[in-house]
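> got a structure for you, letters missing:
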DNA sequence: ACAGTATGAACGGACACTTGA
DNA sequence: CTCAAGTGTCCGTTCATACTG
């Protein structure tokens, strides 16, 4: 039914009859109704040029009547700008990413940008290429990479020509990144525990391929080294409470640790549960510190001492930086990092006194 | 630098010199390089028409060399299809919505669709209109409404002309919806508790404006009524653990309840924490059932008995239905609901024996 | 007549330039 | 000469149709 004058209603006013709407109203329709040229409609819409007030009103009224909405595709085609940013990640279902995405969405919306989410499947080769391809199909003005380890994927090629900002990523790479101060957070956790008198602090780390996990582990290591205390082996989890539980069983069995710094709150929860099952009291026998400060952490039993992480600010800063780079590709990419204060609750205490014996088994 | 022949390189091959890429390659560029017409390139891209194999190869090679990506805006303009679905909600940072969004994203991607997230701010009038306007700006082929109470907003007008599917929404409304079986889930929770011998079951509900919360509360009410047991007053929370904690204090103070069905796991967590603080043992003195079955619920103390909720299936079904409606607006909107089985863990038990006295204060 | 290929008009909006008071 | 409004071209694709060997 494209260009056929015979079988279609005249282009001028396609939805006049009460039937199904043929197509959305265009600038031309508005112009016709308002008795002006479509150029004038464009002026009114963009607000970038002078239009006489009376004319403007007529146009606005016509838009109202017809229910005119600008066609983003046409606008994007003409301007080369999509007013859309893409967010690329493994998953948006996980706590931290979800909060970051929400902040990104709000900040982008305030700036008049839409947000397109692009999921990279963890385990399929093809899907990876697909997601990135879609992102490269000239549909976004910029990209926030929310799971930076995606960059380690072989065969990955981020689209060139659009700016990319990495959320919580490796600053050594070729893209600018926005980071909360994970190092300070981890150090704060370790120092808190050492300050309570613990001889050393164990670490329940996130997965090896996570940059955030690596950073936290490195900061933990550095803090112990700086304090000159022995460095226990790292125990690895996968961010899940389940993995924390398994780690907790191992730690309880080993029976050496008096303090554990977990790389996120969910693992800390599983850890505490395993310790409880093993008859190890938290914080009486063993102190636990988490990371993230999820809203539930204060209601764990015991309430979890944890490092507060500001995902919202992270997301907002990513958008700010990205929009700056979109407007001015050579813009300064410095970004202020958000602090990561330690929230002390009930899961940490001085180690059990030597006098009382370590005999908790 | 638009149409000026004088000050611009000839349109034919703008990025030939090694300088900064002027603009992405177009079909015309590919066609020129391959020595065919751009129409032939279009055919190769769409695969919808016969092209001689040798020609096809030349075109594909040319696309490779130039790094050609189809311009989605131009395609959308020409076809009227955006291959994008919009997801509209209050927040994607909350647990359930985040998981649903992730499932939507994956399912949409598999079908070749992008996903645009549109956040409606809870408390600003203007922003609401803005979000919906953006969504209505002819940029999506369909919408999944993930927070159906958005529909209750005064002045809200969802764009017409694109199909809308509601996730977990009121089926009485004008849009088709996909629902997990919340009613069965809530009934299962209540029946489980009554089956354990509790005289009645209290309900810690979600916020009044949430349709999901309403449905769970209604099912709880119906189950009690069907059992012919007394119906305690509803206690309201806001989904947060904090609100669960406050409710828990009130319930502990009242001292009447022996069983509480909480409308989500996070409130159940706060509830249990408050009970513990008040010296009420769970499940010894009081049983608690949650709703959602978050991954952490098994690691609460005690492990939470809860109704399992399949957000992933919910999201997938929403996309399936929406794509069906996009392809065929009059398609059948029936959708199979996912079961919501009760997962029995450690937070439920028979009520304290009357003999032992109810005297826990 | 047949198989492939070339042609040119939309799609809706933006913008440089032009025209009318 | 200023300022509001109009004209015409182009953005990159798709699709119907005309063309060619």
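Good, I have the coordinates. Everything numeric in this text was worked out from a predicted model, so none of it was measured. Numbers count the residues shown, from 1 in each chain, chains lettered A, B, ... in the order given.
> center of chain A, which residue is that?
Nearest to the geometric centre of chain A sits residue A:100, at 3.2 Å (Cα atoms, centre = their mean).
> so what's the nearest residue to that one once chain neighbours are set aside up against?
Spatial nearest neighbour of residue A:100, chain neighbours left out: residue A:315 (4.2 Å); criterion: Cβ to Cβ, 6 or more residues apart in numbering or on different chains. All C-beta spots, glycine's among them, are computed from the backbone N, C-alpha and C. Shown in contact with residue A:315 (Cβ atoms under 8 Å, 6 or more residues apart in numbering or on different chains): A:99, A:100, A:101, A:102, A:103, A:104, A:107, A:167.
> What helix or strand is residue A:315 located in?
Using DSSP states H and E, residue A:315 maps to helix A:311-327.
> Next SSE downstream of that helix?
Next element after helix A:311-327 (DSSP H and E): strand A:342-343.
> Off-centre distance for that next one?
21 Å (Cα atoms, centre = their mean, to the nearest Å).
> now what about it, what contacts it?
Taking Cβ under 8 Å, 6+ apart as the rule, strand A:342-343 contacts A:185, A:188, A:189, A:192, A:289, A:293, A:297, A:305, A:306, A:307, A:308.
> out of the residues you listed, which are buried?
Neighbour-count burial (16 or more other Cβ atoms under 10 Å in any protein chain shown) is assigned, among the contacts of strand A:342-343, to A:185, A:188, A:189, A:192, A:289, A:293, A:297, A:305, A:306, A:307, A:308.
> and the contacts of residue A:315, which of them are in helices?
Counting by DSSP state H, the contacts of residue A:315 place A:99, A:100, A:101, A:102, A:103, A:104, A:107 in helices.
> which of those lies closest to residue B:265?
Nearest to residue B:265, judged by Cβ to Cβ, of the ones in helices among the contacts of residue A:315 is residue A:99 at 17.6 Å.
> from what I can see that closest one touches residue B:91, true?
No. Using Cβ atoms under 8 Å, residue A:99 is not in contact with residue B:91, being 9.2 Å away.
> Counting neighbours, go ahead and name the busier of those two.
residue A:99 (25 against 19; other Cβ atoms under 10 Å in any protein chain shown).
> ok, the closest residue to residue A:152 other than its chain neighbours to DNA strand C distance?
Nearest non-adjacent residue to residue A:152, counting by Cβ to Cβ, 6+ apart: residue A:209, 6.9 Å away. Residue A:209 sits 43 Å away from DNA strand C, going by Cβ to the nearest atom of the strand, to the nearest Å.
> Save the contacts of strand A:342-343 as JSON lines, and put in pLDDT, secondary structure and distance to chain B too.
Listed next are these as JSON lines, based on pLDDT from 0 to 100; DSSP: H, G, I helix; E, B strand; the rest coil; distance: Cβ to the nearest Cβ, whole Å:
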{"residue": "A:185", "pLDDT": "96", "secondary structure": "helix", "distance to chain B": "20"}
{"residue": "A:188", "pLDDT": "97", "secondary structure": "helix", "distance to chain B": "24"}
{"residue": "A:189", "pLDDT": "98", "secondary structure": "helix", "distance to chain B": "20"}
{"residue": "A:192", "pLDDT": "98", "secondary structure": "helix", "distance to chain B": "23"}
{"residue": "A:289", "pLDDT": "98", "secondary structure": "strand", "distance to chain B": "17"}
{"residue": "A:293", "pLDDT": "97", "secondary structure": "coil", "distance to chain B": "12"}
{"residue": "A:297", "pLDDT": "98", "secondary structure": "helix", "distance to chain B": "9"}
{"residue": "A:305", "pLDDT": "98", "secondary structure": "strand", "distance to chain B": "15"}
{"residue": "A:306", "pLDDT": "98", "secondary structure": "strand", "distance to chain B": "14"}
{"residue": "A:307", "pLDDT": "98", "secondary structure": "strand", "distance to chain B": "18"}
{"residue": "A:308", "pLDDT": "97", "secondary structure": "strand", "distance to chain B": "16"}
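> want to throw those into TSV with distance to DNA strand C?
Output for the contacts of strand A:342-343, formatted as TSV (distance: Cβ to the nearest atom of the strand, whole Å):
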residue	distance to DNA strand C
A:185	44
A:188	49
A:189	51
A:192	55
A:289	53
A:293	44
A:297	47
A:305	53
A:306	48
A:307	46
A:308	43
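> Among the residues you listed, pick out the one closest to residue B:276, please.
Of the contacts of strand A:342-343, the one sitting nearest to residue B:276 (Cβ to Cβ) turns out to be residue A:297, at 15.5 Å.
> contacting residues around that closest one?
Contacts of residue A:297 by Cβ under 8 Å, 6+ apart are A:265, A:268, A:290, A:303, A:304, A:306, A:343, A:345.
> can I assume the last one is in contact with residue A:307?
No. Taking Cβ under 8 Å as the definition, residue A:345 is not a contact partner of residue A:307, at 11.6 Å.
> Would you enumerate the residues in contact with residue A:325?
Residue A:325 neighbours (Cβ under 8 Å, 6+ apart): A:142, A:163, A:165, A:176, A:331, A:333.
> Now list the buried members of those.
If we count by 16+ other Cβ under 10 Å, the contacts of residue A:325 have these buried: A:142, A:163, A:165, A:176.
> Show me these that map onto strands.
A:142, A:165 (DSSP state E).
> so which of the buried ones among the contacts of residue A:325 are also by DNA strand C?
Under the cut-off given by Cβ under 7 Å from any atom of the strand, DNA strand C has nothing from those close to it.
> Serialize the buried ones among the contacts of residue A:325 to TSV and add fields for distance to residue A:84 and pLDDT.
Converted to TSV, these look like this (distance: Cβ to Cβ, whole Å; pLDDT from 0 to 100):
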residue	distance to residue A:84	pLDDT
A:142	9	93
A:163	13	92
A:165	15	94
A:176	20	92
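> Which of the buried ones among the contacts of residue A:325 sits closest to chain B?
residue A:163 (13.9 Å; Cβ to the nearest Cβ).
> okay but the closest one is in contact with residue A:143, surely?
Yes. Counting by Cβ under 8 Å, residue A:143 is a contact partner of residue A:163 at 7.4 Å.
> Identify the contacts common to the two.
With Cβ under 8 Å, 6+ apart, residue A:163 and residue A:143 have common neighbours residue A:322.
> Mind telling me which residue of the stretch 101-250 of chain A is nearest chain B?
Closest residue of the stretch 101-250 of chain A to chain B, Cβ to the nearest Cβ: residue A:102 (3.6 Å).
> Pull the contacting residues for that residue.
Residues near residue A:102 by Cβ under 8 Å, 6+ apart: A:312, A:315, B:91, B:92, B:93, B:119.
> Residue A:353: which of these is nearest?
Using Cβ to Cβ, residue A:312 is the member of the contacts of residue A:102 that lies nearest residue A:353, at 41.6 Å.
> okay, the contacts of residue A:325 in JSON lines with distance to residue A:81 next?
Converted to JSON lines, the contacts of residue A:325 look like this (distance: Cβ to Cβ, whole Å):
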{"residue": "A:142", "distance to residue A:81": "11"}
{"residue": "A:163", "distance to residue A:81": "13"}
{"residue": "A:165", "distance to residue A:81": "17"}
{"residue": "A:176", "distance to residue A:81": "21"}
{"residue": "A:331", "distance to residue A:81": "17"}
{"residue": "A:333", "distance to residue A:81": "21"}
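> can I get those in TSV with distance to DNA strand D?
Below are those laid out as TSV (distance: Cβ to the nearest atom of the strand, whole Å):
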residue	distance to DNA strand D
A:142	19
A:163	19
A:165	25
A:176	27
A:331	25
A:333	28
